[in-house]
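K.L.:
build the 3D model from these lines:
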Amino acid sequence: MTFPTIWHLGAFSMAAHTVMEALGYAVGARLFFLLKKRFPNPGLDFEQQISIVVACLAGALLGAKLLAFVESFHAYWPLRNEPAAWIGGKTIVGGLAGGWAGVEFLKRRLHITQSTGDRFVFPILVGLCIGRIGCFLEGLPDHTYGIPTQLPWGVDFGDGIPRHPTQLYEIAFCLLLGIALLMRMRRPWPKG
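P.N.:
Alright, predicted model coming up:
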């Protein structure tokens, strides 16, 4: 396998990371709306619910980029005038924090006091799994690989050093957490 992975479709070439990240956002957003009946938000109209999703996505994108910029300022500052530098390089921690902040900011502006987060849990887990496949396929440039290892599943991301595939570990964790939550949902739980 070659890292970073580039997919070719006729005359078009696209980084697998970009495709998987966009797919993660799209599938997560779609799943959010599919879970409407399972996790209703009574008292919120359709426009408010759409606004919450948009605030979550906008906050996630901004938070992911902002934290990446702060933690790797030395790398991004020289590239500040290049559009590609503003598109690539994000952090999952910043994305989660930004998405949460975006929703809470909007809820405060719209005076929404009820919990709205239950419906986000599974879309975030699914979106993370899909997006992390892209991180794995990006290899070293993504900066999410693990430390060197001699274990048989170590992955050489292109520098000749087998490393822990931390992206795959996170996918496995998210899948296990999702299964555990599905099992827990068989019993009643308090909203929020």
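K.L.:
hey, let's count contacts and neighbours off CA atoms from now on
P.N.:
Noted.
K.L.:
for stretch 144-158, buried residues please.
P.N.:
Judged by neighbour count using 16 or more other C-alpha atoms under 10 Å, the buried positions of stretch 144-158 are 144, 145, 146, 154, 155, 156, 157.
K.L.:
secondary structure added to the residues you listed, as CSV?
P.N.:
Formatted as CSV, those follow (DSSP: H, G, I helix; E, B strand; the rest coil):
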residue, secondary structure
144, coil
145, coil
146, coil
154, coil
155, strand
156, strand
157, coil
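K.L.:
contacts only, for the nearest residue in space to residue 92 that is not next to it in sequence.
P.N.:
Nearest non-adjacent residue to residue 92, counting by C-alpha to C-alpha, 6 or more residues apart in numbering: residue 64, 6.1 Å away. Residues counted as contacts of residue 64 (C-alpha atoms under 8 Å, 6 or more residues apart in numbering) are 90, 91, 92, 93, 94, 95, 96, 98.
K.L.:
show me the residues you listed that map onto helices.
P.N.:
Within those, residues falling in helices by DSSP state H are 92, 93, 94, 95, 96, 98.
K.L.:
those, buried ones only, as a PyMOL selection?
P.N.:
Only the buried entries of the ones in helices among the contacts of residue 64 go into this PyMOL selection, using 16+ other C-alpha under 10 Å:
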select buried, resi 92+94+95+96+98
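K.L.:
and the ones in helices among the contacts of residue 64, which two are furthest apart?
P.N.:
Among the ones in helices among the contacts of residue 64, the pair separated by the greatest distance (C-alpha to C-alpha) is 92 and 98, at 9.6 Å.
K.L.:
which residue is the nearest non-sequential neighbour of the residue most central in space within the chain?
P.N.:
Against the mean C-alpha coordinate of the chain, by C-alpha atoms, centre = their mean, the closest residue is residue 128 at 4.3 Å. Counting by C-alpha to C-alpha, 6+ apart, residue 128 lies nearest to residue 24, which is 6.6 Å off, once chain neighbours are set aside.
K.L.:
helix, strand or coil for the one you found?
P.N.:
helix.
K.L.:
closest one of the contacts of residue 64 to residue 4?
P.N.:
Distances from residue 4 to the contacts of residue 64, taken by C-alpha to C-alpha, are shortest for residue 90, at 16.0 Å.
K.L.:
quick one, phi psi at the closest one?
P.N.:
phi -140, psi 160 (degrees, to the nearest 10).
K.L.:
and it, what is it in contact with?
P.N.:
If you count contacts by C-alpha under 8 Å, 6+ apart, then residue 90 has 61, 64, 65, 66, 67, 68 around it.
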